[in-house]
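Trainee: no sequence on this one, just coordinates:
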């Protein structure tokens, strides 16, 4: 059983990651932290609470960072909508509310109180992790591992060279990759290979259940925004990090050092491989039919 903290900037593919983590018996969510990223913190927090409520989760939901360490904030509302989660409609919540303490403090406490037992899954900008490392450097060692969606070693998706999560806070990402922590990284080079076809989306539409209904509404918006930009089928970036924890043997990859370019210019936010002794597992491919079987199983087990 994987005990995890999910650090999210809940937009449309983050919602799928949350549903997947909530519905898989292999995973227990200890806490969720919402951070600014796809949209501002007020919206990502609201979106996270709504998905947690829909999923029947009772774990605490915390507020994380309201913006990056250094740079001017950037957002991705053009892909996720003005709310960051355009599409589904939610009723008034009865269980979920924002926990009163800082998400970063909660992360540090959970990891330090449970050494080598907590995995942190970060699928937004890495601001929360960087701040936690600055406050308590030992969490890099005390966490079981970190699974991160971010970066690209080919072309970017927000600039020619940079992926959104890394571009949104390159200085934070640089701190995290240099920390010596055990990291599995899902870059665009892997996540772009997993897409949602119209036929598969239609198959989900035929299924019952409130969580499945919200999933389909999210994916309708996601599909429409990809189509509008002529970018093909929507890519399942964030959920791959959760799927990996269900069975790491389904993911192939290699190890390298990772650094982030933080100098101003066209390469700002770009991830690069290095020969550093601090190696990161870089995912290169995943068993795609197996991934979709996990999504089906998770959604069918939720309220």
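Mentor: That came through fine. Everything quoted here is computed from the prediction, not taken from an experiment.

Trainee: rest of the way, CA atoms for contacts and neighbours
Mentor: Fine.

Trainee: name the nearest residue to residue 176, sequence neighbours excluded.
Mentor: In space, and not counting its chain neighbours, residue 176 is closest to residue 130: 5.8 Å by CA to CA, 6 or more residues apart in numbering.

Trainee: repeat for residue 252
Mentor: With sequence-adjacent residues excluded and distances taken as CA to CA, 6+ apart, residue 252 is closest to residue 285, at 5.3 Å.

Trainee: biggest strand in this protein by residues?
Mentor: Counting residues, the longest strand found in the chain (DSSP state E) is strand 251-260.

Trainee: list the contacts of it.
Mentor: Under the contact criterion CA atoms under 8 Å, 6 or more residues apart in numbering, strand 251-260 has outside partners 170-171, 173-174, 177-178, 244, 269-287.

Trainee: what subset of those is buried?
Mentor: Neighbour counting over the contacts of strand 251-260 (16 or more other CA atoms under 10 Å) leaves 170-171, 173-174, 177-178, 244, 269-271, 273, 278-286 as the buried ones.

Trainee: do me a favour and get the end-to-end distance for stretch 29-43?
Mentor: By CA to CA, to the nearest Å, the extent of stretch 29-43 from end to end equals 21 Å.

Trainee: now the strands for the stretch 1-150 of the chain?
Mentor: In the stretch 1-150 of the chain, the strands defined using DSSP state E, counting those that start in this stretch lie at 2-8, 27-34, 61-63, 98-102, 118-122, 145-149.

Trainee: columns mean neighbour count, mean pLDDT and distance to residue 51 on top of these, output as CSV?
Mentor: CSV is the format used below for the strands of the stretch 1-150 of the chain (neighbours: other CA atoms under 10 Å; pLDDT from 0 to 100; distance: least, CA to CA, whole Å):
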stretch, mean neighbour count, mean pLDDT, distance to residue 51
strand 2-8, 24, 98, 12
strand 27-34, 23, 98, 11
strand 61-63, 26, 98, 11
strand 98-102, 14, 95, 13
strand 118-122, 24, 98, 17
strand 145-149, 24, 98, 19
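
Trainee: and those as CSV, adding distance to residue 155?
Mentor: Putting these into CSV (distance: least, CA to CA, whole Å) gives the following:
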stretch, distance to residue 155
strand 2-8, 23
strand 27-34, 27
strand 61-63, 32
strand 98-102, 35
strand 118-122, 21
strand 145-149, 15
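
Trainee: neighbours around the residue nearest to residue 176, how many?
Mentor: 24 (other CA atoms under 10 Å).

Trainee: so how far is residue 155 from it?
Mentor: Applying CA to CA, the value for residue 130 to residue 155 is 25 Å.

Trainee: can you check residue 78 too?
Mentor: Separation of residue 78 from residue 155 (CA to CA): 19 Å.

Trainee: ok, now residue 92?
Mentor: Counting by CA to CA - residue 92 and residue 155 are separated by 41 Å.

Trainee: sorry, back to before: so which of the buried ones among the contacts of strand 251-260 are in strands?
Mentor: Per DSSP E, strands hold the following members of the buried ones among the contacts of strand 251-260: 271, 273, 280-286.
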